[in-house]
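**Student:** from the sequence below, what's the structure:
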Amino acid sequence: MFKDLIKTGVPAQSGRPWPFSLVLAALVLAPIAGCVLWPARANAQAYSQMGYQQPERSLSVTGQGIQTIPTTLTEVRLGVLVEADTAEAAQQQAAEKSTAVVEWVRSQNVERLQTTGISLSPRYDYVDGRQISRGYQATNTISFRAPTESAGAIIDQAVKVGASQIEGVSFVATDAAIEAARQRALTSAVEDAQAQADTVLAALGLSRQAVLNVSIGSVSAPPPSPAPEAFAQQARLADAAPKTPIIGQEQTINAQVTLLIRY
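**Tutor:** Residues are numbered from 1 along each chain as shown. Reported below is the predicted structural model:
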């Protein structure tokens, strides 16, 4: 039949010719129709083999955990300020006093002792619109951590051996205490997430079945809190007081956990 169509444009056992365009369409559409149907059959078979199912019903909920712990360490920032007629004299005097302060502080077995700043700058006065030199100013500053109960005594003695600036103090818990609080905060976050899920599902007449996924969010321990300005002002006058009292604060650790729960 196809040979007859190609040669004459007339189907077998028929005396009426077909237009040649219809002949080409008949030849082209037949194989194309087979290709279109095949993927549909293949996909249906693939889905059957995979055992395709609808997604499980699930609820995503995020819990928060908060732990507050007392601080036991005090971070102190103090320094030496010296004024002299020449840059060399100012720097030398600052170096001598700073060395005495550092030696004293180091002898107290403090933690994280480090230099936080060194500066040397000219000083000027202005008289009748003219700039007049008034010498040089040198500063050396350090920071360290010490047990809160001994920080006041360390500051007082540091002032006696040469420190002339107390820039402030802040408070922090030990690394071990922070880590323990972090673990407790995570536990609280999980319990909070489960409690929220139970409340929502109970209101809908449903119940919690299983945890499908767990995601741990941020666990933060904010940096040491600065002491109030009133205390910082008092600390600057430590050389005039018989003893500098220092009272620690509290530190808060936050944790976040997200649960994907099947119901």
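**Student:** for residue 257, what are its contacts?
**Tutor:** Contact analysis of residue 257 by CB atoms under 8 Å, 6 or more residues apart in numbering lists 62, 63, 65, 186, 189, 190, 193, 214, 215, 216, 217. Using the backbone N, CA and C atoms, a C-beta is placed for each residue, glycine as well.
**Student:** for residue 221, that is, sorry about that
**Tutor:** Residue 221 is in contact with 173, 178, 181, 182, 251, 252, 253, counting by CB under 8 Å, 6+ apart.
**Student:** which ones among the residues you listed lie within helices?
**Tutor:** The helices, defined by DSSP state H, take in 178, 181, 182 from the contacts of residue 221.
**Student:** who wins on neighbours among the residues you listed?
**Tutor:** residue 181 (23 neighbours; other CB atoms under 10 Å).
**Student:** need the ones in helices among the contacts of residue 221 in TSV (columns: pLDDT and distance to residue 257).
**Tutor:** Shown next, in TSV, are the ones in helices among the contacts of residue 221 (pLDDT from 0 to 100; distance: CB to CB, whole Å):
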residue	pLDDT	distance to residue 257
178	94	18
181	96	15
182	95	12
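**Student:** which one among those residues gets closest to residue 156?
**Tutor:** Taking CB to CB as the measure, residue 156 lies nearest residue 178 of the ones in helices among the contacts of residue 221, at 28.6 Å.
**Student:** was I right to think that closest one contacts residue 251?
**Tutor:** Yes - with contact defined as CB atoms under 8 Å, residue 178 and residue 251 form a contacting pair (7.4 Å).
**Student:** list the residues that contact both of those two?
**Tutor:** Taking CB under 8 Å, 6+ apart as the criterion, residue 178 and residue 251 both touch 69, 221.
**Student:** want to throw the contacts of residue 221 into CSV with distance to residue 92?
**Tutor:** CSV is the format used below for the contacts of residue 221 (distance: CB to CB, whole Å):
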residue, distance to residue 92
173, 40
178, 42
181, 47
182, 47
251, 41
252, 46
253, 46
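**Student:** pick the one among those closest to residue 243.
**Tutor:** Ranked by distance to residue 243 (CB to CB), these are led by residue 173 at 24.3 Å.
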